[in-house]
Structures are given as structure tokens and as C-alpha cells.
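3D model of this:
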Amino acid sequence: MFFELKNKECQCGARAGVLHTEHGDIQTPIFMPVGTVGSVKGVYHRDLKDDIKAQIILGNTYHLLLRPGIDLINKAGGLHKFVNWDRPILTDSGGFQVFSLAENRKITEKGCTFRSHIDGSPREFTPENNVDTQRKIGADIIMALDECTPGTADYKYSLQSLQRTGRWLDRCVKRFKETEPLYGYRQFFFPIVQGCIYPDLRRMAADQAAKADMDGCAIGGLSVGEPTEKMYEMLEVLNPVLPADKPRYLMGVGTPANILEGIERGVDMFDCVMPTRNGRNGMLFTSEGIINMKNKCWAEDFSQIDVNGTSFVDTSYTKAYLRHLFVAGEMLAAQIASYHNLAFYLKLVEDARTHIMAGDFKKWKEETVKKVSQRINDK
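Predicted coordinates for the structure are as follows:
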């Protein structure tokens with residue numbers, strides 16, 4: 001059994017479960033730190049495991065294809081060995097990255113051709129070679145190749161794109177089933193549900209994913225320009241129609257509030273660059289709200305960064321010291337902030353799981369969203 005459902009909140013769609021992989025079990029709901037090119041920026045793997053409590057990290061097929069190259073990863077024995085990470089890994093197919101290269105790619109029924117953003121060299125993804133590439137990377141969970149439509153796409157284009165993504169999915173599934181893992185452990189495959197902001201297209205995509213009868217379902221094409229309320233609306237559309245016995249992964253989302261709202265609407269897995277990217281720029285997420293560490297108001301504040309001690313890596317650091325590091329341009333500032341934000345995100349989903357198991361998630365979530373969304377002394 002890949003996904004084991006442990007409990008479901010009776011007042012909403014929130015679920016607690018376990019993903020069983022050969023590199024370890026994953027307690028859901030879960031947040032996955034983004035390790036795009038095989039590293040979570042500025043964070044040692046030791047600290048990801050021991051302090052931040054990451055159960056799984058994410059890599060990206062597009063970026064790993066360009067650097068260091070799939071053949072090198074294959075020679076190393078797969079991405080786990082190459083980066084020395086012995087816990088589960090998930091890879092995105094790279095569809096979002098390819099389709100964001102609007103001026104440097106071409107989409108056809110066969111697949112998509114694009115130019116590397118690094119050296120301009122021509123590349124191609126087809127459903128077949130994309131599966132082959134992810135087999136060589138060796139992630140525990142891999143994604144189908146899809147077209148990610150922007151949140152502002154019109155209905156006609158969204159329908160055409162979704163239909164093509166469905167045909168690509170058929171080819172991905174066929175390729176996945178006729179090939180074998182390369183490194184001696186099982187890999188799991190997720191279709192990606194697209195459909196922009198149109199409820200009937202989202203239902204159509206969910207039906208495609210269900211008919212594929214694979215291991216889980218990813219939800220793509222949200223938080224890509226549409227209003228937040230539309231994202232929540234689409235999750236509410238999908239919650240009752242996605243297979244209840246399979247995990248749901250909301251791709252590239254989001255803020256702490258987004259994650260809690262997603263959990264309430266039946267999502268099990270999340271990833272986002274926000275904890276590390278925003279951390280490097282001085283934004284900290286805490287149990288009491290959002291802090292801009294560069295603000296002058298923290299210059300003489302000798303209190304701990306998070307007074308409630310949300311699993312921060314080292315609570316001996318003060319706000320005054322961290323602000324000093326940012327003002328001085330010290331690399332340690334970005335490192336500490338990244339550690340803190342990732343630890344906060346992982347503690348947040350751990351707490352969500354605890355409350356789902358206890359049966360009081362909805363009440364806790366409503367109180368917590370208000371706290372984590374407010375900005376503290378934003379001057």
C-alpha cells in the first residue's frame with residue numbers, strides 16, 4: 001500500500017495519512033522543501049533531517065537535465081546517491097519551467113521543444129523521454145508531463161491545453177508501465193490535474209487522472225496568476241471528485257495560510273520556494289505572524305525569533321542579531337532565515353496533522369490562519 005489514510009476531519013476535507021516508500025514513510029499532510037538542482041538553497045542535508053525534520057525533498061527534471069545532466073546522475077547511481085540523501089525525493093516533470101519560457105519554446109502534439117536558459121542549447125521533452133529522464137533521476141515519486149496554463153488563460157485555450165495534456169498523460173502512463181526502475185526500488189507516478197480556473201475543466205482533468213489509475217494526483221496550474229479565492233474554489237471543486245484513497249499534491253503552493261486552507265480542502269502534499277526565497281530576502285514566517293527582519297524596529301529587540309519556539313533550529317538567535325546580519329550583508333543571515341522558515345513550515349503541517357487526528361483541525365486552523373497571516377511591526 002502506497003497511501004494509508006489514518007483519519008479524516010469530519011467538519012471539512014482535511015486528511016491525515018502515511019505515504020509508504022522504500023526510502024521511508026512520509027506523514028501527511030506534508031510540506032516538501034524545494035531542492036531544485038539537488039540542493040535546498042543554503043541548507044545542509046544534516047540540518048534538513050535533524051533540525052528541520054524534512055521527510056521528503058523535491059527536485060526538478062528541467063533543471064537537473066540542464067545541470068548537472070541526467071547521464072551524470074545515472075552514473076552516480078541516481079539522485080539519492082549523487083546528493084547523499086537517503087529519504088524520499090519527488091521530481092516535477094519540468095512542465096511548468098518549460099512553459100514559462102514563453103519566448104523559447106514550442107508546443108506540439110509530440111511534446112515541447114525549448115532552449116536552455118543557461119546556454120541556449122535546443123532541448124525536447126516528450127511524454128516518453130520525460131518518463132525515461134525521471135527514471136534515470138530515480139525519484140521515489142515522479143510526475144507526468146503536462147502543460148501548465150496561466151491563471152489568466154481563456155476557456156478555449158484552457159480546454160485545448162487540457163485535452164493535449166490528457167493525451168500526453170496516456171503516453172506517459174504507457175511508457176511508465178513498459179519501463180522499470182533503474183536502482184532497485186519502486187517509483188510512484190502522479191498525473192497532473194490542470195484546467196485553469198474553470199470548474200468543468202478541472203472535473204474533466206480529475207476524471208482523466210482517476211481513469212489513469214496511478215498512485216496519486218498532483219494539482220497543477222494554481223497560484224499562477226489567478227486570485228487566491230479562485231485557487232480555493234478549484235480545490236473545493238476537486239476535493240469530492242479526486243480519488244479518496246490516493247494522495248493529492250498541490251504544486252508550488254504557498255504561504256502558511258494557503259497551506260492550511262489547502263489542507264482543509266483535502267490536499268495532502270505541498271511544496272514551495274517561499275520559505276527559502278523569502279527568507280533570503282529577510283522575510284520570516286512565525287507563529288505570531290510575518291516579520292521583515294530588515295526593519296529598524298528589530299534593531300534592539302533581543303527576544304528570540306519565534307517566541308513560541310516553533311521548532312526553530314537554534315532559538316538562541318535574537319531578532320536584533322539577525323537584523324544585524326541582514327544589514328551587514330552576511331551570508332549567515334540568509335542561512336538562518338531559511339532554516340527558520342523551513343522549520344516553521346514543517347512544524348505547521350505537523351501541528352495540522354495532530355489536530356486532524358484529534359478531530360479539531362477546523363477550529364485550530366481558523367485561529368492559526370489569522371495569526372500567521374498578519375504582519376508584525378511592518379515599519
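
what's the helix or strand for residue 90?
strand 89-92 (DSSP states H and E).

same deal with residue 230?
Using DSSP H and E, residue 230 falls in helix 228-238.

list the buried residues of that helix.
Within helix 228-238, the residues that count as buried by 16 or more other CB atoms under 10 Å are 230, 231, 232, 233, 234, 235, 237, 238. C-beta: built from backbone N, CA, C; applies to glycine.

so which elements touch it?
Packed against helix 228-238 by the contact rule (3 or more CB pairs under 8 Å, 6 or more residues apart in numbering; DSSP states H and E) you find helix 199-212, strand 217-219, helix 256-264.

do that again at 10 Å, thanks
helix 199-212, strand 217-219, strand 248-250, helix 256-264 (3 or more CB pairs under 10 Å, 6 or more residues apart in numbering; DSSP states H and E).

the third one: how far from the chain's middle?
Averaging C-alpha positions (CA atoms, centre = their mean, to the nearest Å) puts strand 248-250 8 Å from its chain's average.

and the worst-scoring helix or strand of the chain on mean pLDDT, what other elements does it pack with?
Ranked by mean pLDDT, DSSP states H and E, the weakest helix or strand in the chain is helix 95-99, scoring a mean of 81. Applying 3+ CB pairs under 10 Å, 6+ apart, one finds that helix 95-99 contacts helix 61-66, strand 105-107, strand 112-115, strand 122-125, helix 155-178.

which ones are touching residue 104?
Neighbour list for residue 104: 98, 113, 114, 115, 116, 117, 120, 122, 123 [criterion: CB atoms under 10 Å, 6 or more residues apart in numbering].

what about 7 Å?
114, 115 (CB atoms under 7 Å, 6 or more residues apart in numbering).

with adjacent residues omitted, what lies nearest to the residue located most distally from the centre of the chain?
What lies farthest from the middle of the chain is residue 300; by CA atoms, centre = their mean that is 36.0 Å. Counting by CB to CB, 6 or more residues apart in numbering, residue 320 is the residue found nearest to residue 300 once chain neighbours are left out, at 5.8 Å.

for the spatially most central residue of the chain, give its distance to residue 349.
What sits nearest the mean C-alpha location of the chain, by CA atoms, centre = their mean, is residue 271, with 1.8 Å. According to CB to CB, to the nearest Å, residue 271 stands 11 Å off from residue 349.

can you check residue 216 too?
17 Å.

kindly report the same for residue 136.
30 Å.

more neighbours: these two, which one.
Neighbour comparison, residue 136 and residue 349: the larger count goes to residue 349, with 23 against 20 (by other CB atoms under 10 Å).

tell me the angle the longest helix seen in the chain makes with helix 256-264.
What stands out as the longest helix in the chain, according to DSSP state H, is helix 331-358. Put simply, helix 331-358 runs at 30 degrees to helix 256-264, going by axes from the mean of the first three to the mean of the last three CA atoms, to 10 degrees.

next helix or strand past helix 331-358?
helix 361-373.

give me the low-pLDDT residue ranges for this structure?
For the chain, applying pLDDT under 70 flags the ranges 307-315, 378-379.

mark out where each domain of it begins and ends.
Domain ranges of the chain: 3-272, 279-373, per automatic domain parsing.

strands along the stretch 1-150 of the chain, start to end?
3-8, 15-21, 24-28, 30-32, 57-60, 89-92, 105-107, 112-115, 122-125, 141-143 (DSSP state E, counting those that start in this stretch).

between the ones you listed, which gets nearest to residue 306?
Set against residue 306 and scored by CB to CB, the strands of the stretch 1-150 of the chain come closest in strand 30-32, at 16.6 Å.

rewinding a little: among the strands of the stretch 1-150 of the chain, which comes closest to residue 327?
strand 30-32 (29.6 Å).

run the chain-centre distance for the closest one.
On CA atoms, centre = their mean, the centre of strand 30-32 falls 7 Å from that of its chain.
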